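In: please work out how this folds:
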Amino acid sequence: MNDFRLLHERAADQFAELLKTVTPERLGDPTPCPEFDVRALLAHVVNSTHWMAFVGEGGDFRAAPTWSEEVADGEWVAVYDRARGRFDRAWADDAKLARTTELPWGTMPGAGAVAGAVMETATHTWDLSKALGHPLVLDPEPAEAVLPIAREALAADRRGEEVPFGPVREAGPDAGAHERLAAWLGREVS
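Out: Residues are numbered from 1 along each chain as shown. As a prediction, this is how the structure comes out:
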């Protein structure tokens with residue numbers, strides 16, 4: 001099995017690089033996630049990164065605090081760096097990868113939880129990239145690595161109330177890994 005911590009680092013690196021291209025004027029722009037504009041998407045990614053760090057620190061997901069912080073327009077890079085640093089520290093111990101971890105979608109080894117964080121980061125990296133007009137070439141490996149996991153864990157026939165993703169969309173024969181992942185998770189990628 002891949003060490004998903006390394007893939008998370010790569011996914012987080014590309015999210016951070018993309019984040020550097022966000023100007024204050026773009027924070028209100030729409031994203032492929034209808035419930036999020038760019039600012040809300042950034043807050044969601046920071047919150048989910050803190051949330052997964054809390055779980056990695058041994059916290060019960062049901063007691064995880066919601067991250068909330070007033071973020072000045074130019075501070076998103078620093079805020080995300082703090083969140084991902086916490087995530088990296090929380091999952092640094094190899095023993096945590098085998099530890100049983102309980103999450104809202106099931107009980108799994110910690111490695112599965114980290115894989116979920118890769119999926120989250122890679123998907124929202126594509127969302128942000130699309131919202132910004134694809135200013136950077138994305139590293140396909142994190143998305144490629146979690147696509148089989150997404151297909152298994154988020155089956156097309158289980159969409160609805162329990163699975164908060166829209167119907168699977170077509171990605172097209174020439175679609176890259178991020179587009180295939182985004183389409184599987186219900187995004188319109190064309």
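In: going forward, measure contacts between C-alpha atoms and count neighbours the same way
Out: Fine.
In: residues touching residue 39, list them.
Out: 27-28 (CA atoms under 8 Å, 6 or more residues apart in numbering).
In: kindly list the longest helix within the protein.
Out: helix 110-131 (DSSP state H).
In: now the strands for this structure?
Out: Remark: strands assigned in the chain by DSSP state E are 100-103, 106-109.
In: so which other helices or strands are in contact with the first one?
Out: Strand 100-103 is packed against strand 106-109, helix 110-131, with contacts defined by 3 or more CA pairs under 8 Å, 6 or more residues apart in numbering; DSSP states H and E.
In: hmm, back to that, show me what counts as buried in the longest helix of the chain.
Out: Going by neighbour count (16 or more other CA atoms under 10 Å), the buried part of helix 110-131 is 110-129, 131.
In: how distant is it from the center of its chain?
Out: How far helix 110-131 lies from its chain's middle: 2 Å, per CA atoms, centre = their mean, to the nearest Å.
In: flag the shaky bits of this structure, pLDDT-wise.
Out: Counting by pLDDT under 70, the ranges of the chain that qualify are 1, 160-163.
In: the helices in it, which residues?
Out: Per DSSP H, the chain carries helices over the ranges 4-19, 38-56, 76-90, 95-98, 110-131, 140-153, 177-184.
In: closest one to residue 31 among these?
Out: Between residue 31 and the helices of the chain, the tightest spacing by CA to CA is seen for helix 110-131, at 4.9 Å.
In: is it possible to get CSV of the strands of the chain that adds mean neighbour count?
Out: As requested, the strands of the chain are exported to CSV (neighbours: other CA atoms under 10 Å):
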stretch, mean neighbour count
strand 100-103, 17
strand 106-109, 12
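In: now render those strands as TSV, adding distance to residue 187.
Out: Shown next, in TSV, are the strands of the chain (distance: least, CA to CA, whole Å):
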stretch	distance to residue 187
strand 100-103	24
strand 106-109	24
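In: list the contacts for residue 4?
Out: Contact analysis of residue 4 by CA under 8 Å, 6+ apart lists 111, 114-115, 118.
In: circling back to that earlier point, format the helices and strands packed on strand 100-103 as CSV; extra columns: distance to residue 177.
Out: Shown next, in CSV, are the helices and strands packed on strand 100-103 (distance: least, CA to CA, whole Å):
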stretch, distance to residue 177
strand 106-109, 25
helix 110-131, 10
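In: brilliant, that's me finished.
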